[in-house]
Each structure stands twice: as C-alpha cells, then as structure tokens.
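Trainee: sequence isn't available, so here's the structure alone:
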C-alpha cells in the first residue's frame, strides 16, 4: 500500500443558484479513501473561470491522503 494518495476533483458551479454542483462527488472521494484507511492530509484549490455557453467557475481541488 502507498503511504500517500493524491487525487484531483473539479468542482463546478451550479447552473442555477450558488455553490458547487458536485460536492457529493468530493464527499464520496473522501469517504472512499477513509474506508481504505487514509485520512485527508492536505487540500489545495485553484480557481478558474470558464467562458462560453453554460460556462461557470471551476475550482480544481487537489487532495492528499495519508495512510493511517
């Protein structure tokens, strides 16, 4: 088993309203890694705007998990 796992997820703005449209995906990734015996060690984010039709802000989250 690896002592660390690094994953990335892109959080997309909802088409209607405010907030992220896929926070459930982020939650599922964290819970899946926890079930494998990892804990969230570090999370960093970088944001970028998206141009074009139906484009919204995007946040790229990089998650580092550490084996317990």
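Mentor: Received the coordinates, thanks. What you see is a predicted model, and the numbers here were worked out from it, not measured in a lab.
Trainee: so how far is residue 34 from the spatially closest residue to residue 23 that is not a sequence neighbour?
Mentor: If the residues on either side of it in the chain are set aside, residue 23 comes closest to residue 11, at 7.1 Å by CB to CB, 6 or more residues apart in numbering. Placement of C-beta: from N, CA and C, glycine included. Counting by CB to CB, to the nearest Å, the gap from residue 11 to residue 34 is 19 Å.
Trainee: neighbour count for those two, which is higher?
Mentor: Remark: of residue 11 and residue 34, residue 11 carries more neighbours, 18 against 13, as counted by other CB atoms under 10 Å.
Trainee: what average pLDDT does the helix or strand hosting that one get?
Mentor: Applying DSSP states H and E as the criterion places residue 11 in strand 4-12. Averaged over strand 4-12, pLDDT sits at 92.
Trainee: just the buried residues of it, please?
Mentor: For strand 4-12, the neighbour count (16 or more other CB atoms under 10 Å) marks 9, 11, 12 as buried.
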